[in-house]
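S.K.: All I have is the shape, not the residue letters:
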């Protein structure tokens, strides 16, 4: 094994060191994706998804060849490594991988237009801020036309599913010998679920 020097690029993720932290970006990967997506226009979207936009399973006839849709959505899934704010819309479009419709493909192209306008976005991990571990839980299963559960049940399930994740993060910090003697706050907007 030999040292190849300072880490700068790994698995499509660019790493930039600064005196007070580390910046992770997938700008080159995102740029390559946009080139491969076939977007020839220069339109840029200001949000990853329009507000209150709902997709249904059977909006229209299925795409003739869903492989292109699956490739683009798979690429977007990997892009969420450094762009957490597109995770929700990517999760939504990934639900239709088996039987995508033209309306789903339009949403995927909208996400690519948003990524095109935010190429240099990424994650910055600062050494100057204290470590704060917090949990947030919220669901919108009642608003999902394919799986309508009761609001209280869905909020409760979200809390129950998120709790082991927070415990795992506590254990991971302990195993990495990162001292974290504080309790973790867990936020939920449903008092009945709490």
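M.R.: Nice, I can see it. On a predicted model such as this, the values are computed, not experimentally measured, just so you know.
S.K.: Quick one: the strands in the protein, in order.
M.R.: Under the criterion DSSP state E, the chain contains strands at 9-10, 13-18, 21-25, 122-126, 134-137, 185-188.
S.K.: want to try TSV for those, with mean pLDDT, mean neighbour count and distance to residue 81 as columns?
M.R.: (Each C-beta comes from the backbone N, C-alpha and C, glycine too.) Shown next, in TSV, are these (pLDDT from 0 to 100; neighbours: other Cβ atoms under 10 Å; distance: least, Cβ to Cβ, whole Å):
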stretch	mean pLDDT	mean neighbour count	distance to residue 81
strand 9-10	83	10	11
strand 13-18	87	14	7
strand 21-25	89	16	8
strand 122-126	86	13	8
strand 134-137	82	14	19
strand 185-188	82	13	24
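S.K.: got CSV for those, with distance to residue 83 too?
M.R.: Listed next are the strands of the chain as CSV, based on distance: least, Cβ to Cβ, whole Å:
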stretch, distance to residue 83
strand 9-10, 17
strand 13-18, 11
strand 21-25, 9
strand 122-126, 7
strand 134-137, 18
strand 185-188, 22
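S.K.: Out of these, flag the one nearest residue 85.
M.R.: For these, proximity to residue 85 was assessed by Cβ to Cβ; strand 122-126 is nearest, at 10.6 Å.
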